[in-house]
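**Student:** Task: produce atomic coordinates for the following.
(one chain, ligands or ions: 1)
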Amino acid sequence: MQRLMSDETHSYVNGTSPILKWAGGKQRLLRQYAPHFPEKSAVHRYFEPFIGGGAVFFHLQYPNSTLSDRNEKLIELYRMVQRDVEGVIDALKPHRNEADYYYQVRSQDPATLTAVERAARIIFLNKTCYNGLYRENQKGIFNVPFGRYSNPKICDERKLRAASHALQGVDLVTGDFDELAKIAEAGDFYYLDPPYAPLNGTSNFTTYSKSGFDEDDQRRLADMVHSLTDKGCFVMLSNSSAELVYDLYQGHGYRFIPIKARRMINSKGDRRGHVKELLILNFDEKN
Ligand SMILES: C[S@@+](CC[C@H](N)C(=O)[O-])C[C@H]1O[C@@H](n2cnc3c(N)ncnc32)[C@H](O)[C@@H]1O
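**Tutor:** As a prediction, the model looks like this:
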């Protein structure tokens, strides 16, 4: 696998990269993950039920993929990029990086737009909003302020077409993560990247969408990992190094790989540092 080592994002030349910047996105961690992915030839089907920005999917592009997320707007966006990328590009082109215009687009009622316009709106807001992070308030409304970037690439045609190409033949599903476990068969590969278990009570990594991902959800996910393991699936899980994560996964014969991530380290998000995260695998290096 050929790597570009020019900057810390460690992009790979053989896959494509996400079209959205996403909270908890894994693009920067691919280099650390790469040695641990199962061999393509050993994988029957690929499932990613917390797709978010899809860094791992776009990098791997295994055949027979099913992607899902609880966020229906995100899944609609991928459907539009899959089915009508030229329409999305055309709808993106008129958007401009100006504060007044940004707030005007942000205040639009998505229900009054076409599906292609909604997809373009999310990409535009994602490229021009503060920190480029998707965040909704309690009512499910996107509420991030303008980002003041000097020249953001709002319409990256090459990247959008590459993403559309990668999404051809892919099943896109809206729903809770455990829906995808119901159809599991031996040899399927599940990459699981849930909102992380908080290292402390103030972590904001659980607020991706209308409601958070609480301890019960972490327990439901662990049950799913155990049952996928019993069925003979490959499972790779990203999570924080919180005590809860060790409690839920230790003692089941899984491998724990420490991952060094650069993350926000305080609740105001103005300080960054290296944080230990985990990759938890239910299979050996040579599969
Ligand atoms: C850490 S992000 C995934 C990031 C992704 N791996 C990337 O590289 O961009 C977690 C995702 O899980 C989704 N999510 C949260 N709760 C969920 C649930 N119960 N079922 C399915 N998806 C959920 C969120 O909408 C979010 O997109």
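**Student:** Identify the bridge partners of residue 46.
**Tutor:** Listed by DSSP bridges, the beta-bridge partners for residue 46 are residue 65, residue 189.
**Student:** and it, how many neighbours does it have?
**Tutor:** 23 (other C-beta atoms under 10 Å). Where C-beta positions appear, they are placed from N, C-alpha and C, glycine not excepted.
**Student:** list the contacts for it?
**Tutor:** 57, 60, 62-66, 188-189, 191 (C-beta atoms under 8 Å, 6 or more residues apart in numbering).
**Student:** And stretch 72-92, end to end?
**Tutor:** 20 Å (C-alpha to C-alpha, to the nearest Å).
**Student:** How about residues contacting that stretch?
**Tutor:** 19-20, 51-52, 54, 67-69, 110, 115-120, 122-124, 134, 154-155, 157, 160-161, 163-164, 167-168, 170, 172-174.
**Student:** Sort out for me which of the residues you listed are in strands.
**Tutor:** 67-69, 172-174 (DSSP state E).
**Student:** Residue 191 is in contact with residue 236, isn't it?
**Tutor:** Yes: using C-beta atoms under 8 Å, residue 191 is in contact with residue 236, at 5.0 Å.
**Student:** filter the contacts of stretch 72-92 to the buried ones?
**Tutor:** Using 16 or more other C-beta atoms under 10 Å as the burial test, these include 19-20, 51-52, 54, 67-69, 115-120, 122-124, 134, 154-155, 160-161, 163-164, 167, 170, 172 as buried.
**Student:** The residue lying farthest from the centre of the chain in helix, strand or coil?
**Tutor:** Going by C-alpha atoms, centre = their mean, the residue of the chain most distant from its centre is residue 100, 29.4 Å out. Following DSSP: H, G, I helix; E, B strand; the rest coil, residue 100 is assigned to helix.
**Student:** Now residue 221. Nearest residue, chain neighbours left out?
**Tutor:** residue 194 (5.7 Å; C-beta to C-beta, 6 or more residues apart in numbering).
**Student:** OK, contacts around the residue nearest in space to the middle of the chain?
**Tutor:** Closest to where the C-alpha atoms of the chain average out (C-alpha atoms, centre = their mean) is residue 52, at 2.8 Å. Contacts for residue 52 (C-beta under 8 Å, 6+ apart) come out as 22-25, 69, 74, 193, 208.
**Student:** again, only using 6 Å
**Tutor:** residue 22 (C-beta atoms under 6 Å, 6 or more residues apart in numbering).
**Student:** Could you tell me the phi and psi values at it?
**Tutor:** phi 50, psi -130 (degrees, to the nearest 10).
**Student:** so how far is the ligand from it?
**Tutor:** For residue 52, the distance to the ligand equals 3 Å [C-beta to the nearest ligand atom, to the nearest Å].
**Student:** Okay, strands next: where are they in the stretch 1-150 of the chain?
**Tutor:** 46-48, 65-69 (DSSP state E, counting those that start in this stretch).
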